[in-house]
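Peer 1: Just the structure for this:
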Amino acid sequence: MVILESRVASNWVDYNGHMNDAEYARVFSLAVEALMEHVGLDEPGRTRHCYTIYTLETHLCYRREAHEGQPLSVELTLLDRDTKRLHVFFKLHDAEGNLLATSEQMLMGMDSDSGRPAPFPTPVEAAVAALPLASPSDWPELAGRTIAIRR
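Peer 2: You can find the predicted model right below:
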C-alpha cells in the first residue's frame, strides 16, 4: 500500500549531488505521519483521543541515490501489531519502481496526557486492523536485518 508520495526537495540534496542520508529519514518520518493520518491520528484525531504515536526504533537501509526533483513513493507493509505497537516496513521507490531505501520501524501508541504507552483508541484500533498484514510468505527480504561486519 502506497502511504506517501513526494519529491526530492532541492534543500535535501547534499554536496555529493544526491539526497542526504538524513533526508531519507525525513521521508520515512513523513510516511509515519501519513500512516497516522490514515488511521485517524491527524491533528484533530490526536486532540480528540489525547493520543499519538512515537517511533521507538528505526533501521534504515540505503539502496540507491535519489536526486533533486525526483518523484518518490513510500510503500507500507505492516509486519506485526498488538494493542499499542506497530512493527512496520517502508520501501522508498523512485518513479521507475527502483528501490531507493527501506526503513523498518517499531512504533508505540502513547497517551498524550500521561506520556505513557496505551492501547489504541477503539476507532484507531479498527483502522489499524484494516491495514494489510504481511504473511510469512511475503515478509520483506530486508526486514529483520542486523548490522554486522560479515566475516
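Peer 1: Quick check: buried residues in stretch 81-92?
Peer 2: Residues of stretch 81-92 classed as buried under the neighbour-count rule (16 or more other Cβ atoms under 10 Å) are 81, 84-92. Where C-beta positions appear, they are placed from N, C-alpha and C, glycine not excepted.
Peer 1: How about stretch 34-49?
Peer 2: For stretch 34-49, by 16+ other Cβ under 10 Å, it's 34-36, 38-41, 45-46, 49.
Peer 1: what residues are up against residue 139?
Peer 2: residue 79 (Cβ atoms under 8 Å, 6 or more residues apart in numbering).
Peer 1: before we move on, back to that, now the buried residues of stretch 81-92 as a markdown table including pLDDT?
Peer 2: Shown next, in a markdown table, are these (pLDDT from 0 to 100):
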| residue | pLDDT |
| --- | --- |
| 81 | 95 |
| 84 | 96 |
| 85 | 97 |
| 86 | 97 |
| 87 | 96 |
| 88 | 96 |
| 89 | 96 |
| 90 | 97 |
| 91 | 97 |
| 92 | 98 |
